[in-house]
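Visitor: just the structure for this:
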Amino acid sequence: MVRELTIDTPGRGLHEITNLVAAVVRDARLSEGLCTAFVRHTSCSLTIQENADPSARRDLEGWLSRLVPEHDPLYTHTAEGPDDMPSHIKSALTNVSLSIPIIGGTLALGTWQGIYLWEHRRSPHARRVIVYVGA
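Guide: Next comes the predicted model:
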């Protein structure tokens, strides 16, 4: 089963999509298998991260922004604004796809794990995520 999800992000940050992905897995009615999620963009990414304490997500966002700052004078790809090239680098350093086992018809995530679309741009975007569920 393949489904494309559209995720409207309000801007930069980690936006949880666990329930949306889990719904695709439920609809597939597969007891065991693999769920693959793939984001179809070059300035955002996917990650599995703690879903209990939002400070972990804020710290990740702050750390990555310090690692890849805006306004680096060495960037040449600047036509789309100061957050564009850093967004591409952040996407390259993180993940554009995830693979999660399916056990007993559900995602085999740990107790504190959630699936996040990590928006690296400041402005809102409609992001497309392909979710594939197979045996």
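Visitor: name the residues that touch the longest helix seen in the chain?
Guide: Ranked by number of residues, the top helix in the chain under DSSP state H is helix 54-67. Contacts of helix 54-67 with the rest of the structure, by C-beta atoms under 8 Å, 6 or more residues apart in numbering, involve 12-14, 49-50, 86, 90, 93-94, 116. For the C-beta atoms, the positions are set from N, CA and C on the backbone; glycine is no exception.
Visitor: what is the nearest of those to H125?
Guide: H125 lies nearest to R12 out of the contacts of helix 54-67, by C-beta to C-beta, at 10.0 Å.
Visitor: per-residue confidence at the nearest residue to S43 once chain neighbours are set aside?
Guide: Excluding the flanking residues, the one nearest S43 by C-beta to C-beta, 6 or more residues apart in numbering is S87, at 3.5 Å. You'll see S87 listed with a pLDDT of 98.
Visitor: I'd like the distance between the residue in the chain sticking out farthest from the centre and P82.
Guide: No residue in the chain sits farther from the centre than P73, which is 27.8 Å out by C-alpha atoms, centre = their mean. Using C-beta to C-beta, to the nearest Å, P73 is found at 11 Å from P82.
Visitor: ok so, going back, can you count the residues close to the residue nearest to S43?
Guide: 23 (other C-beta atoms under 10 Å).
Visitor: got a list of what it touches?
Guide: The neighbourhood of S87, defined by C-beta under 8 Å, 6+ apart, consists of 42-44, 120-121.
Visitor: how about a markdown table for those residues, with secondary structure added?
Guide: Output for those, formatted as a markdown table (DSSP: H, G, I helix; E, B strand; the rest coil):
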| residue | secondary structure |
| --- | --- |
| T42 | coil |
| S43 | coil |
| C44 | strand |
| H120 | coil |
| R121 | coil |
